[in-house]
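Student: sequence isn't available, so here's the structure alone:
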């Protein structure tokens, strides 16, 4: 893919089933794009297309990066005034947040070092300070750090001493083998920073064979402002990004993650040994996920990936599955599908009484199940346990529940198609 002619890139873009604002978005994110072609496209955009463009960059998590790319090519003057102001504000506010999160990492690392606890910076804070040209280009929401499982409880106590509060009290008894990959989020005193304390990069329910010891053995050091940041090695970072996008959020693939992977590949170049990456991916049962993400960055961002890397892990139905993934990235606008009971039943028209029967177990679970699902201590009172359950149920499932109860096949064809696309891709990934 090295040195693709601009005309070829244009032709390939227009062959994708995308709208004009999608094509402009991709052109802005591709490092090899011709600024003149982007300029010509911007001059042809209508007011409605600019509104769609603004919505897309926000949903895709690439607002700061778009601003910087347009600024570097002296194209910001072609933006509508309100959109320019929004992009500029997003970039500088995100830059400030990245600085605060990076500082928070080093303050926490210092406290952990004193206690003899190893810590690895995951995803955003690592990527922003390594593969992006400027840290502010990488949109960040929170700080993710990894510690050994044996030190998880001590680490949570140290975070409390550093001023970070969890949503609820953490007890040592709840740190079991079947727990999620991270504890409930921690927040700084003023609530402006959120932190997730991980012991794993995948949940048990994902049925992946991630070797945690491998992550620690292969971890390395990234220098940031003359300070040592402990990070995953480039190959493991690539695998983690694939896990996060495909499994952690139920196929919530977005352009931010594709840019992460693209820039990681460009930054590390020959230091990425694809034979080793593919071997590890297969051991961890990630082969299809990794290949899909590499295909996407190759097709959408024209990232240079050795042909032999793709050919060694090619799977049947790949073109169709890649198209499904592109549809999910650009065309999914309704509710987020996942594997819970409500969503599995969503696309089918059922009598209302059967819908209520499906929901009752979700509304009134046993106390034992409530404690297990919300990871509450065994001595938690039923009043508190069910209070947390209903708060989370309303917060997370309110939209899904409404759609489920009043779903009508004839008036919701787009949702049915989105569901089928999502399910086809998830089923393909799950196949051996």
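Tutor: Sure, I can see it. Just so it is clear, the structure is predicted and the values come from calculations on it, not from any experiment.

Student: centroid residue for this protein?
Tutor: Central residue of the chain (Cα atoms, centre = their mean): residue 245, 4.6 Å from the mean position.

Student: secondary structure class for the nearest residue to it once chain neighbours are set aside?
Tutor: With sequence-adjacent residues excluded and distances taken as Cβ to Cβ, 6 or more residues apart in numbering, residue 245 is closest to residue 257, at 4.5 Å. (Glycine included, C-beta is placed from N, CA and C.) Counting by DSSP: H, G, I helix; E, B strand; the rest coil, the backbone at residue 257 sits in helix.

Student: for residue 257, give me its contacts.
Tutor: Taking Cβ atoms under 8 Å, 6 or more residues apart in numbering, we find residue 257 in contact with 241, 244, 245, 293.

Student: got the phi and psi for the residue nearest to the centre of the chain?
Tutor: Main-chain torsions, residue 245, degrees, to the nearest 10: phi -70, psi -40.

Student: repeat for the one 4 residues further on
Tutor: Dihedral angles of residue 249 (phi, psi; degrees, to the nearest 10) stand at phi -130, psi 30.

Student: burial of it, as a residue count?
Tutor: 13 (other Cβ atoms under 10 Å).

Student: repeat that for residue 194.
Tutor: 15.

Student: thought it was touching residue 186?
Tutor: Yes: if you go by Cβ atoms under 8 Å, residue 194 and residue 186 touch, sitting 7.2 Å apart.

Student: need the max-distance pair from the contacts of residue 257.
Tutor: Across the contacts of residue 257, no pair lies farther apart than 244 and 293, at 10.3 Å, counting by Cβ to Cβ.

Student: so these two - more neighbours on which side?
Tutor: Ranked by neighbour count (other Cβ under 10 Å), residue 244 and residue 293 place residue 293 first, with 25 against 18.

Student: what helix or strand is that one located in?
Tutor: Residue 293 is part of helix 287-301 when elements are defined by DSSP states H and E.

Student: and if you look at residue 39?
Tutor: Here residue 39 is assigned to helix 35-44, by DSSP H and E.

Student: any idea of the mean pLDDT in that helix?
Tutor: Averaging pLDDT along helix 35-44 gives 94.

Student: quick check: buried residues in that helix?
Tutor: For helix 35-44, burial by neighbour count (16 or more other Cβ atoms under 10 Å) applies to 37, 38, 41, 42.

Student: could these go into a markdown table alongside distance to residue 278?
Tutor: Shown next, in a markdown table, are these (distance: Cβ to Cβ, whole Å):
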| residue | distance to residue 278 |
| --- | --- |
| 37 | 35 |
| 38 | 34 |
| 41 | 37 |
| 42 | 39 |
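
Student: quick one: list the elements packing against the helix holding residue 293.
Tutor: Packing contacts for helix 287-301, counted by 3 or more Cβ pairs under 8 Å, 6 or more residues apart in numbering; DSSP states H and E, involve helix 20-29, helix 234-243, helix 255-268, helix 274-283, helix 307-311, helix 318-331, helix 413-430.

Student: nearest to residue 207, of the ones you listed?
Tutor: Ranking the helices and strands packed on helix 287-301 by distance to residue 207, with Cβ to Cβ as the measure, places helix 413-430 first at 8.4 Å.

Student: okay, buried residues for that closest one please.
Tutor: By 16+ other Cβ under 10 Å, the buried positions in helix 413-430 come out as 415, 416, 418, 419, 421, 422, 423, 425, 426, 428, 429.

Student: where does this protein dip in pLDDT?
Tutor: Along the chain, the parts satisfying pLDDT under 70 run over 1-15, 176-178, 308-314, 333-359, 375, 395-415.

Student: identify the single longest helix in it, thanks.
Tutor: Longest helix in the chain by number of residues, with DSSP state H as the criterion: helix 81-115.

Student: next structured bit after it?
Tutor: Assigned by DSSP H and E, the successor of helix 81-115 is strand 120-122.

Student: got the contact list for the very next helix or strand once past that following strand?
Tutor: Using DSSP H and E, the helix or strand that follows strand 120-122 in sequence is helix 124-128. Under the contact criterion Cβ under 8 Å, 6+ apart, helix 124-128 has outside partners 98, 101-102, 105, 135-138, 140-144, 222, 229, 231-232, 237, 260, 263-264.

Student: still on that earlier bit, what helices and strands are in contact with the longest helix of the chain?
Tutor: helix 47-60, helix 63-72, helix 124-128, strand 143-146, helix 152-161, strand 227-231.
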